[in-house]
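K.L.:
Quick one, fold the following:
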Amino acid sequence: MYIPFHGRIAALFVLLVSLTSATLHGQVPHEQLWPGLQGNQLLDSVRVHYKPVVILDYTRARDEMYRYIDNYDGELVCLYTAQTAQVSPSTTTPRADAGNQNFNAEHIYPQSMGADTGNANSDLHHLRPTNANVNSSRGNLAFGFVAASSTNRWWSGTVSQTSTPSGDLGVWSRTGSTRFEPRDEVKGDVARSAFYFFAMYTDQALAANASFFDLMKDELLTFHRQDEVTTAEYARTQRAAEFQEGKINPFILDTTLVSRIFFTEDNIGDPGDPGEPGDALLAQFSFSGTIDCNNQDNAPSGQVDGAMISDFGRTGIRCNAGGGIFNSAGWPVTTTIDTGFYAGFTITAEDPQDKTLMTAQGDELRFNIRRSPTGPQQLLVRYSTDGTNFTDLGSTGVPTSDNLITLDMPEISGADYLEFRFYAWGGSSSSGTLRFNLVEAEFETVTSTHLEGAEAGLPQVVSLAQNFPNPFNPTTSIAYSLPADGQVRLEVFSATGQRVAVLEEGYRSAGEHQVVFNAGELASGMYLYRLQTSAGVVTRKMTLVK
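P.N.:
You can find the predicted model right below:
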């Protein structure tokens, strides 16, 4: 199949990281990510490196899908039937053009099963153009094999029928009473998209239906193995990644991820299983909605990489029916801050005796804000490690349209509690509102190693220092310490999770160690370096600027 090239300069350099010389010869690139890891440890690493935070809204996602991502020389191809629709790559009305030919967007993981809100709704790695009739027929059925005698309707090209077709049945998709079976040519594409969705949006999927994924994961594994990754599928995930921070579907790059994550003793996806803290220590979490609406909490809560995330009481702050945060008497119309009115969240170490919180240079706090025309015009963010003494982290004006705000996380080490408060003021009317949506907070949990009768002068815990200098070009020093002799592995990864260097590997003695990393052959960008010992794994960021 011919795949047209469309330039997207903003994402080009990110995508080049995923390319290998194999693509130049028509072969599908493949790399095993994080060898030796499996289950929840591997899942954590995949989420950190491949889950996008900022993506297109659902309207624009469909526009780009019809006009560019799934547009082949002016044609869309229905995922399930191979029927085509004509949509010009230069059209300004791609949704309407597709809709006029009875095409719409299929959520491979159904909206009613957890893909109805937030990034899950518009993540391009599980959206595909389809004929509206077959899309409706599939509905929210789990994928699986459907016997010919149990098929209620057959789909291929422009044909839909209830009788069993003659010839090759593999070119037909089938609707059964409890399962939907896609045509053979796209079974693997469907499976890898479904595995991607469940890996990235596990909480939403389980909250919508705790057993849906388990109903089909065994048959999805068979789909995945029967229909291998093609150059067309790989090219498609690259195009989608241009709109999702350059992050491809990793289940396409590394086809071993499916069995290593979902078919281990960890039993990821079992009803009610929240997952365990794992290898990836850079934590990301997100939620949709406002901090509080009609006193119903929508804050990020639960366990994230060895820490507990929760919102806390909002003195004098509540939501109106539309979801805007404001105090009971309306926002202050003065130009001064009122510290009695705030909202926020806390991060608490799961077990302060064994784990502490740490942030490093490059870690970020990101959130979306907007206000009504008369709403509060200023926002101040403060933080504290004891809940009493607060330090200003940053302030910003509040626009009347959605705006993503990024602040550097405070650099802390050894804390077991971190609290953020958000203050807003300066509205011109008591009816003015402000909407707030937390997108991401990056931090690390550090596991302590307890030693009885530790030798004087030796480190008490495994630690990995921030590289120096940072940013760097092209060399930088990385120091780490060990409380006891043991095996270590110090590696460097690109932002897409590809290993680019192994700096240390083998048996090392207790004490302080230092290694020099030379990135002379690498491109500018953010990299992660990871120290793995018997006590656990610690990961940090560094930035190469040439």
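
K.L.:
rest of the way, CA atoms for contacts and neighbours
P.N.:
Fine.

K.L.:
What residues does Trp34 make contact with?
P.N.:
By Cα atoms under 8 Å, 6 or more residues apart in numbering, the residues touching Trp34 are Leu42, Arg499.

K.L.:
model confidence over stretch 239-246, on average?
P.N.:
Average pLDDT, stretch 239-246: 89.

K.L.:
CA atoms only: put it into PDB for me.
P.N.:
The C-alpha trace of stretch 239-246 is given here as PDB (Å, rounded to 0.1, in the frame of the first residue of the first chain):
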ATOM      1  CA  ARG A 239       1.800  10.000  11.700                       C
ATOM      2  CA  ALA A 240      -0.500   9.800  14.800                       C
ATOM      3  CA  ALA A 241       2.500  10.500  17.000                       C
ATOM      4  CA  GLU A 242       3.100  13.800  15.300                       C
ATOM      5  CA  PHE A 243       0.000  15.100  17.200                       C
ATOM      6  CA  GLN A 244       0.800  13.300  20.500                       C
ATOM      7  CA  GLU A 245       4.200  14.600  21.700                       C
ATOM      8  CA  GLY A 246       6.000  12.300  19.200                       C
END
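
K.L.:
Lys546 against Pro471, yeah?
P.N.:
No - in this structure Lys546 lies outside contact range of Pro471 using Cα atoms under 8 Å: 9.6 Å.

K.L.:
And these two? Which one has more around it.
P.N.:
Using other Cα atoms under 10 Å as the criterion, Lys546 and Pro471 rank with Pro471 on top: 18 against 13.

K.L.:
got the contact list for the more buried one?
P.N.:
Going by Cα under 8 Å, 6+ apart, Pro471 touches Met542, Thr543, Leu544, Val545.

K.L.:
Report the separation between the closest residue to the last one other than its chain neighbours and Ala85.
P.N.:
Yep, that's Val545 we're talking about. Computed as Cα to Cα, 6 or more residues apart in numbering, the closest residue to Val545 that is not its neighbour in sequence is Ser524, at 5.0 Å. Using Cα to Cα, to the nearest Å, Ser524 is found at 41 Å from Ala85.

K.L.:
who has more neighbours, those two?
P.N.:
Neighbour comparison, Ser524 and Ala85: the larger count goes to Ala85, with 23 against 16 (by other Cα under 10 Å).

K.L.:
Let me see the mean pLDDT of the one helix or strand that one maps to.
P.N.:
Element membership for Ala85, per DSSP states H and E: strand 84-86. Across strand 84-86, pLDDT averages out at 97.

K.L.:
per-domain residue ranges of this protein.
P.N.:
9-262, 292-447, 463-544 (automatic domain parsing).

K.L.:
neighbours of Asn389, just the number please.
P.N.:
Using other Cα under 10 Å, Asn389 is surrounded by 9 other residues.

K.L.:
And Arg236, by the same measure?
P.N.:
20.

K.L.:
quick one: what helix or strand has it in it?
P.N.:
For Arg236, the host element (DSSP H and E) is helix 231-241.

K.L.:
what packs against that helix?
P.N.:
Packing contacts for helix 231-241, counted by 3 or more Cα pairs under 8 Å, 6 or more residues apart in numbering; DSSP states H and E, involve helix 9-16, helix 250-253.
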